[in-house]
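S.K.: 3D model of this:
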Amino acid sequence: MHIRFIFWISILCASTLVAQLPKTDLYLAEFKGLSAVPQLLKIKYLNDFNPNGYNNQPGFFTFDELFLTVGKDTSNTTEIYHLNLKSAEYFRFTETPGISEFSATSSMQKGKISCVRIEPDGKDQSLWSYPADRSGMGSRLLPNLKNIGYYAWLNKDSLALFLVGNPHTLVIADVNTGKTDFIIDNIGRCIKYDNEGRLFFVHKVKSDLWQLKSLDIQNRNTKVICTMPPGREDYDLLINGNIIAGDGSKLKTINPAKSTEWVEIADFSNLGINNINRLVAVRDRVVFVNNK
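M.R.: Just a heads-up that it's a prediction; the model follows:
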């Protein structure tokens, strides 16, 4: 299964804007046979440029390039950064004083990237599009929606959105008309889409049962894929249909077609890594976040 666009973001509600962002670290774990019989080859610490700040929401732009959400001062706003994994060179992609931006990714709109912003009023959570070559100031998408938390592009005209609320809801939105179509509520923050037309999300059925489900975009049929490790809502899709997730100090995978059990593939507790959450995988690479 070839993964098309994978995108998850952490957007903070207005009440958290005055609170301290957590200090987080980013790591690159390289494997042999990640989608088959994983063997850890090496692990690399990625945020030397911001060791005591907020480093989060990694997304692959290319195999060697990442977009990151960075807060140099964890009591202040965040910006989008670009990091080259080969050269370790980085630069700030956005510079928007008073506005926090989170987790950029390549858009299905040609030559664009997208991200979610918390506007200066501290309440409006909006979706924005920027030229990938940084040639312009960008523009707002879906201007009538002010509670966008997370999203995944389905095609150049539509997205799946996590809308912040009580409860949080999953909708499909058309960027041209602004129309939204309700799918389900009580979902987790991580939503992804593959090129087989399936949208993946975590359904928090009850406090002790979080299920990863898929939605067929065409017929709207929903299928249970697996049960997530307790309290875990972040995951990624591997090319053979396996799922990868963090669980404390460990990375685990599951082949839902063959098993209901998660299998440990790496344990980083000896490095002081004990709270793996968000992660993204491409081929044999996994970039993950550890909350300090």
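S.K.: Please report how far the nearest residue to Phe288 once chain neighbours are set aside lies from Thr24.
M.R.: Nearest residue to Phe288, sequence neighbours excluded (Cβ to Cβ, 6 or more residues apart in numbering): Leu279, at 3.8 Å. The C-beta positions use only the backbone N, C-alpha and C, and glycine is treated the same way. Distance, Leu279 to Thr24, using Cβ to Cβ, to the nearest Å: 12 Å.
S.K.: Between those two, which contacts overlap?
M.R.: Each of Val289 lies in contact with both Leu279 and Thr24 under the rule Cβ atoms under 8 Å, 6 or more residues apart in numbering.
S.K.: Sticking with Pro167, tell me its helix or strand.
M.R.: According to DSSP states H and E, Pro167 maps onto no helix or strand at all.
S.K.: Pretty sure it sits against Phe182.
M.R.: No: Pro167 is beyond contact range of Phe182, at 11.7 Å (criterion: Cβ atoms under 8 Å).
S.K.: that older thread, and for the residue nearest to Phe288, the neighbour number?
M.R.: 23 (other Cβ atoms under 10 Å).
S.K.: Where does it sit: helix, strand or coil?
M.R.: Here Leu279 is strand, with the state taken from DSSP: H, G, I helix; E, B strand; the rest coil.
S.K.: Just the pLDDT for it.
M.R.: The per-residue pLDDT reported for Leu279 equals 98.
S.K.: Now do the buried residues in stretch 114-126.
M.R.: Neighbour counts using 16 or more other Cβ atoms under 10 Å place Ser114, Cys115, Val116, Arg117, Ile118, Glu119, Gly122, Asp124, Gln125, Ser126 of stretch 114-126 among the buried residues.
S.K.: so after the lowest-mean-pLDDT helix or strand in the chain, what's the next helix or strand?
M.R.: Lowest by mean pLDDT, DSSP states H and E among the helices and strands of the chain is strand 5-8, with a mean of 36. Counting by DSSP H and E, the element after strand 5-8 in chain order, helix or strand, is strand 24-32.
S.K.: That following strand packs against which elements?
M.R.: With contacts taken as 3 or more Cβ pairs under 8 Å, 6 or more residues apart in numbering; DSSP states H and E, strand 24-32 sits against strand 39-45, strand 54-62, strand 263-267, strand 285-291.
S.K.: same thing but at 10 Å, please
M.R.: strand 39-45, strand 54-62, strand 65-71, strand 263-267, strand 276-282, strand 285-291 (3 or more Cβ pairs under 10 Å, 6 or more residues apart in numbering; DSSP states H and E).
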